[in-house]
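*Asks:* need coordinates for the following:
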Amino acid sequence: MKIRLLYSNELQQAADLSDLVFGKPGQPSMGKSFPALFHPGVSHSYGAFTDEGELVAFMGLAPDVMRIGEARLNVFSIGSVCTHPDFRGQNLASTLLAECMDHARRSGASLVFVSGGRSLYRRAGCYDFGRVHYAMLDSGSAAALLQPDTEEWSISPMRPEDTFGISAILSGASPAYEQGPGQLLTLLGSSAIATAR
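*Replies:* The predicted structure follows:
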């Protein structure tokens, strides 16, 4: 088994493996849901390959810059961690995680974010940080949103001309991930995270 950085032209193969492991009927491809991991370009993600070159395990690694007040932190996020069912139990995820952590250190990252509390992450020294909040848009809250505009806020469909305004609002938040209008449009064009559950 060979563990190495993925080439840009192998990211579709990684998305296909992720779809095989996580996909549900009617769900968009993980490639569409997580463009930071699967969009062609410079890859930071790692994979385990058979001697024949087949990708059998994947760990997505996406770089970001997080801004907290005046401070800027180089960070990575790990996602779409998956192993083909026929190759589980071979310690591939642990090996990939070690490679990703080494990659983050070599890159000068201050933090690596993972989601979930699997023993894989605990053994690597990861610990819980922060909270996750969920919100649901049901018929009652949707009806309330459709009420006439108030002085406090208004709702309208997004238009392409709104891109710079939305980018400015997001860039004013602290803490926040730094992103330009192009990255914002890529995220807005992806599918909702809720579809991946």
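
*Asks:* can you map out the strands along this structure?
*Replies:* In the chain, the strands defined using DSSP state E lie at 2-5, 46-49, 55-68, 71-83, 111-113, 176-177.

*Asks:* okay, the ones you listed, which one's buried deepest?
*Replies:* Comparing those by mean neighbour count (mean count of other CB atoms under 10 Å), strand 46-49 comes out on top with a mean of 23. Every residue, glycine included, has its C-beta placed from N, CA and C.

*Asks:* who does that one pair up with?
*Replies:* strand 2-5 (antiparallel), strand 55-68 (antiparallel) (DSSP bridges).

*Asks:* distance to residue 160 and mean pLDDT added to the strands of the chain, as CSV?
*Replies:* Listed next are the strands of the chain as CSV, based on distance: least, CB to CB, whole Å; pLDDT from 0 to 100:
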stretch, distance to residue 160, mean pLDDT
strand 2-5, 35, 96
strand 46-49, 36, 97
strand 55-68, 24, 92
strand 71-83, 27, 91
strand 111-113, 30, 91
strand 176-177, 22, 75
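
*Asks:* let me have those in a markdown table, extended by distance to residue 24.
*Replies:* Output for the strands of the chain, formatted as a markdown table (distance: least, CB to CB, whole Å):
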| stretch | distance to residue 24 |
| --- | --- |
| strand 2-5 | 29 |
| strand 46-49 | 23 |
| strand 55-68 | 18 |
| strand 71-83 | 14 |
| strand 111-113 | 24 |
| strand 176-177 | 28 |
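
*Asks:* that older thread, can you list the strands paired with strand 46-49 in CSV and add distance to residue 29?
*Replies:* Shown next, in CSV, are the strands paired with strand 46-49 (distance: least, CB to CB, whole Å):
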stretch, distance to residue 29
strand 2-5, 22
strand 55-68, 14
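
*Asks:* give me the pLDDT for residue 154.
*Replies:* pLDDT for residue 154: 68.
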